[in-house]
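Asks: Coordinates only, no sequence provided:
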C-alpha cells in the first residue's frame, strides 16, 4: 500500500529524522490538547479538539517543510501554508479515505488520539480522594 510513498525516497537518516520530528509534533499536539481540554466541560472538549486538529492539519506542513529544507539543498525559504482545510478533507483524514500515504494515515491516527486525550477524565487529586 505504501510502496510509492515519498517517505521511502529519504535516506535512512532522513527517515529517522522525519520519524523523530513526527514524534515531537504528535506529543506536542497531544499535550496541547490535554492542556486545552483538561478543565473544560465535556460539551466543549469535542469542539476544542476539532479546532486543534484542524489547526494541526493546516500548520504542520510548515514544520515538515522546514525539516526538508535541512535535508535537501536548494529548497527556498517560503511559507507552504494554504487556506484552512475544508471539512471534507478533515473527515477524509479521520476516516482514512484521504490519499493512501503514511502521512495521511498518521494524521488520521493522531486525530483520533487527540480526541481520546480530549475526552480523558480529570484525575482526582489525592486530597479530594482522602476527604
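Replies: Structure's in. What do you need? Small disclaimer: the values here were computed from a predicted structure and weren't measured. Residues are numbered from 1 along each chain as shown.
Asks: immediately after the longest helix seen in the chain, which helix or strand?
Replies: Counting residues, the longest helix found in the chain (DSSP state H) is helix 42-71. Downstream of helix 42-71, the next assigned helix or strand under DSSP states H and E is helix 87-94.
Asks: And the next helix or strand past that following helix?
Replies: Downstream of helix 87-94 (by DSSP H and E), the next one is helix 102-119.
Asks: tilt between the longest helix of the chain and helix 102-119?
Replies: Relative orientation of helix 42-71 and helix 102-119, computed by axes from the mean of the first three to the mean of the last three Cα atoms, to 10 degrees: 150 degrees.
Asks: Of all the residues in helix 42-71, which ones are buried?
Replies: Across helix 42-71, burial judged by 16 or more other Cβ atoms under 10 Å covers 45, 49, 50, 52, 53, 54, 56, 57, 60, 63, 67, 68. Quick note: C-beta positions are derived from backbone N, CA and C, even for glycine.
Asks: and it, what's its mean pLDDT?
Replies: Mean pLDDT, helix 42-71: 97.
Asks: Now tell me what touches stretch 68-86 from outside.
Replies: By Cβ atoms under 8 Å, 6 or more residues apart in numbering, the list of residues contacting stretch 68-86 from outside reads 10, 11, 14, 17, 54, 57, 58, 59, 61, 62, 65.
Asks: Tell me which two of those sit farthest apart.
Replies: Pairwise distances across the contacts of stretch 68-86 (Cβ to Cβ) peak at 32.4 Å, for the pair 11 and 54.
Asks: low pLDDT regions in this protein?
Replies: Low-confidence segments of the chain (pLDDT under 70): 125-131.
Asks: can you do 80?
Replies: Residue ranges of the chain with pLDDT under 80: 1, 3-4, 124-131.
Asks: re earlier: possible to save the buried residues of helix 42-71 as a markdown table with distance to residue 85?
Replies: Below are those laid out as a markdown table (distance: Cβ to Cβ, whole Å):
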| residue | distance to residue 85 |
| --- | --- |
| 45 | 21 |
| 49 | 15 |
| 50 | 12 |
| 52 | 13 |
| 53 | 10 |
| 54 | 6 |
| 56 | 10 |
| 57 | 5 |
| 60 | 11 |
| 63 | 16 |
| 67 | 20 |
| 68 | 20 |
